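# requesting a structural model of the entry that follows:
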Amino acid sequence: MATGSTRFTNPHLTSLRALGRRTVITTTLLVLVFATVLQGCARIRENRAEAAYPPTGQLLDIEGTDVHVKVMGDGPDLVMIHGASGSMRDFTFAFAERMSDRYRVILMDRPGLGWTERPGNAYEGAWNARSESPRVQARLLQAAADRLGVTDPIVLGHSYGGAVALAWGLERPDDTAALVLVSAASNPWPGDLGLLYKVNSSPAGGALVIPVITAFVPEPVIRSTLSSIFAPQSAPDGYLDHFGPDMTLRRSAMRANAQQVNSLRPHVVEMSAHYPSLRMPTEIVHGTADTIVPIDIHSEPLARQIPGANLTRLEGIGHMPHHVDPQAVAAAVDRAARRAGL
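Numbers count the residues shown, from 1 in each chain. As a prediction, this is how the structure comes out:
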């Protein structure tokens, strides 16, 4: 009679298990190597961009957050707030200088873009999914403006910057002389923004997808994107080199931009209920061929929501009127100044 038992092991099963462990280890190592190379490639591109496009103004420490500002000219204060995927360099290409002969132009990079930091650790990190509302952004820029001694400014906002300009007016209705809203995102839109914004604004997208874009997006894609932004017109000669798209392609900037844009809709829903309370002179400029921020969804309703607002429709003009029809935008600023008694 047997007093014990013998345990038999299938040699083929043992071999498969060992092969499986080796495969997992090898795959993990390959993923780690790829991630390291990917982040390194992204960092190289970011370093080149930051070396090529250093700050052109000054960095103000606003409660621990660096805000990049630039002041040009003399006269009544005119604050300019850029749109999504941008920086103050959009204005310094030509329009800011055009206005600096009769205004003190105050340019600012919005949080997370250009050289302005995001306001606090709550918005930092590859896995972060939080975004700054237009009101939060306006308060940070207002604090920087206060530091510069800005008083009763005309506040001009383009595209997403128009939402921040509206938030500025709502936050400080008594010391905002006038608003100039150019192709401004101001009202809720139907449908979604698209898969890329959803992915890039998510923790996984911020950590895994954005580094791939930063590291490897090719020049033809950049030029095609720029063409779509200016359509049906074309970007001015030299604009791309001046603007520096690789600054926008930095991982931190792409995360900030995607999160801010993807979360904008509920904020304009909230703000739009308060537009009738805005009493400062408001000039609205919008191209009828703008397919990025359509006039019928945004500026036409906005002109009815703000008492006394004046809408200038630019026939056949797309999303960038301050470049393709700068005289119309300059005229709107001058009208706002006259209406405000400046």
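# sec struct for the nearest residue to P190 once chain neighbours are set aside, please.
Nearest residue to P190 in three dimensions, chain neighbours excluded: I297, at 7.7 Å (C-beta to C-beta, 6 or more residues apart in numbering). C-beta coordinates here come from the backbone N, C-alpha and C atoms, glycine included. Classification of I297 using DSSP: H, G, I helix; E, B strand; the rest coil returns coil.
# quick one: residues contacting I297.
187, 189-190 (C-beta atoms under 8 Å, 6 or more residues apart in numbering).
# just the buried residues of those.
The neighbour-count criterion (16 or more other C-beta atoms under 10 Å) marks N187 among the contacts of I297 as buried.
# from the contacts of I297, which single one is nearest V217?
Relative to V217, the closest of the contacts of I297 is W189; by C-beta to C-beta it sits at 26.1 Å.
# the closest one should be in a helix, yeah?
No: secondary structure assignment (three-state DSSP) places W189 in coil, not in a helix.
# do I have it right that it meets R265?
Yes: using C-beta atoms under 8 Å, W189 is in contact with R265, at 6.9 Å.
# can you list residues touching both of these two?
Listed as contacting both W189 and R265 by C-beta under 8 Å, 6+ apart is no residue at all.
# need the helices for the stretch 1-150 of the chain, in chain order.
11-52, 89-92, 95-99, 134-147 (DSSP state H, counting those that start in this stretch).
# looking at these, which one has the lowest mean pLDDT?
Mean pLDDT values for the helices of the stretch 1-150 of the chain show the minimum at helix 11-52, a mean of 71.
# which helix or strand in the chain has the lowest average pLDDT?
Every helix and strand in the chain was compared by mean pLDDT, DSSP states H and E; the lowest is helix 11-52, with a mean of 71.
# which residue is nearest the centroid of this protein?
For the chain, A84 is the residue whose C-alpha lies nearest the centre (C-alpha atoms, centre = their mean; 2.9 Å).
# surely that one meets V261?
Yes: the pair A84 and V261 qualifies as a contact (C-beta under 8 Å) at a distance of 5.2 Å.
# what sits in contact with each of these two?
Common neighbours of A84 and V261 (C-beta under 8 Å, 6+ apart) are Y160.
# related to what we said a few turns ago, now the residue nearest to the centre of the chain. Nearest residue, chain neighbours left out?
Nearest to A84 is Y160, by C-beta to C-beta, 6+ apart, at 4.1 Å.
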